[in-house]
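S.K.: Fold the following and give me the result.
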Amino acid sequence: MIKSMTGFASLTRDEESVTLSVTIRAVNHRYLDVQLRTPSALASIEPRLRAIVQQRVSRGRVEVSLSLQSRRPPAVDVDVNEAVIEGLAAALERARERGLVNGALTPGDVLRFPQAVTVRDRQEGSDTDAELASAAEGALTDAVEQLDGMRTSEGQHLRAELDRRRTQLADLFERAANAAAAGSTALRARLADKVRELQADASVEEAVIAQEIVRFANRSDITEETVRFRAHIEHWRALSDAPEPCGRKLDFLLQEMNREINTLGSKAEGPGVPELVVSLKAELEKMREQVQNVE
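M.R.: Alright, predicted model coming up:
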């Protein structure tokens with residue numbers, strides 16, 4: 001299947017206790033590289049979050065940002081240090097007896113001393129942590145689905161473009177093969193003249209003539225290259241139709257096609273063959289640029 005490596009997804013989900021926001025950006029990369037940015041509350045489930053992405057994405061750099069915003073007032077625990085307060089009250093009473101201060105110890109006075117009262121965030125229970133983890137995983141799963149839909153849609157446009165260029169590439173190669181066949185006919189005519197010339201020379205052995213025939217024949221025969229190139233074209237179609245990601249395999253096929261084109265250019269003779277080889281290489285390079293976007 002041809003699927004783009006680039007895409008974007010973003011969603012916000014309101015849960016009972018928190019609002020979850022997920023943003024995913026995917027760009028081209030040779031391998032799969034998942035970058036996660038999550039709050040500390042989700043640090044323990046990062047491996048599970050990473051696995052969710054890896055289940056749907058096989059190649060590309062994927063940046064995932066997940067944020068939380070509480071929808072409830074923060075729960076706190078207040079600890080009163082009775083020993084400190086009793087000490088303060090006793091010290092104040094002594095100062096009052098000596099006429100240094102007036103009035104009683106008030107709650108406002110107590111709050112001025114950090115050692116007397118401690119206010120801290122309440123640690124949520126395991127049930128709340130499990131609910132948060134489940135909500136985060138669900139939100140990320142939906143965001144990855146959204147990303148996959150965009151990558152699939154872009155992949156359809158990529159496939160249409162690559163199919164068009166593949167057809168054009170195959171047509172150019174057939175034209176080059178036909179031109180090479182015409183050149184081969186002319187070469188055979190020259191070969192026949194060469195054989196007659198050698199046979200006229202009594203000092204030349206028949207083995208030498210046979211070697212000359214084989215050398216000329218091998219020089220111009222592009223049967224193997226033509227068969228392999230056509231096989232590569234059919235393999236391309238099969239990969240495009242298969243459900244698995246095929247970007248790397250398509251890139252490898254282009255390298256193999258380029259090898260056959262180079263061999264054809266070095267062996268074939270005929271009118272227009274050099275120009276067609278140049279066109280083949282140009283078309284191949286355009287396809288390679290597009291394949292760099294395929295997962």
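
S.K.: Now do the contacts for Glu161.
M.R.: Gln290 (CB atoms under 8 Å, 6 or more residues apart in numbering). Just so you know, the C-beta spots here come from the backbone N, C-alpha and C atoms, and that holds for glycine as well.

S.K.: Then Ser10?
M.R.: 21-24, 143, 146 are the contacts of Ser10 under CB under 8 Å, 6+ apart.

S.K.: Can you give me the separation between Thr12 and Ala179?
M.R.: Distance of Thr12 to Ala179, given as CB to CB, to the nearest Å: 61 Å.

S.K.: Between the two, which is the more surrounded one?
M.R.: Ala179 (21 against 12; other CB atoms under 10 Å).

S.K.: what about Pro107, how many residues close to it?
M.R.: 7.

S.K.: Would you quantify the distance from it to Val78?
M.R.: In terms of CB to CB, Pro107 sits 12 Å off from Val78.

S.K.: Show me what the helix or strand containing His232 is in contact with.
M.R.: In the assignment (DSSP states H and E), His232 maps to helix 223-241. Applying CB under 8 Å, 6+ apart, the contact partners of helix 223-241 are 1-2, 159, 162-163, 166, 169-170, 173, 177, 246, 249-250, 253, 256-257, 260-261, 263-264, 267.

S.K.: So which of the residues you listed belong to strands?
M.R.: Judged by DSSP state E, strands contain none of these.

S.K.: Filter those down to the buried ones.
M.R.: Buried subset of these (neighbour count, 16 or more other CB atoms under 10 Å): 1-2, 159, 162, 166, 169-170, 173, 177, 246, 249-250, 253, 257, 260-261, 264, 267.

S.K.: Which secondary structure state does Leu36 sit in?
M.R.: strand (DSSP: H, G, I helix; E, B strand; the rest coil).

S.K.: which residue sits closest to it, ignoring its sequence neighbours?
M.R.: Closest residue to Leu36 apart from its sequence neighbours, by CB to CB, 6 or more residues apart in numbering: Val64 at 5.1 Å.

S.K.: For that neighbour, which residues are in contact?
M.R.: Counting by CB under 8 Å, 6+ apart, Val64 has contacts 22-24, 34-38, 49, 53, 140, 143.

S.K.: would you list the residues you listed in CSV and tack on pLDDT and neighbour count?
M.R.: Listed next are the contacts of Val64 as CSV, based on pLDDT from 0 to 100; neighbours: other CB atoms under 10 Å:
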residue, pLDDT, neighbour count
Val22, 97, 24
Thr23, 97, 16
Ile24, 97, 24
Val34, 96, 18
Gln35, 96, 12
Leu36, 96, 17
Arg37, 95, 10
Thr38, 94, 18
Leu49, 96, 23
Val53, 97, 21
Leu140, 96, 26
Ala143, 97, 23
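
S.K.: The residue nearest to Leu36 is in what secondary structure piece?
M.R.: strand 60-70.

S.K.: Buried by neighbour count: which residues of that strand qualify?
M.R.: 60-62, 64, 66, 68.

S.K.: didn't Val273 look like it was pressed against Gly265?
M.R.: Yes: using CB atoms under 8 Å as the test, Val273 is close enough to Gly265 to be in contact (7.2 Å).
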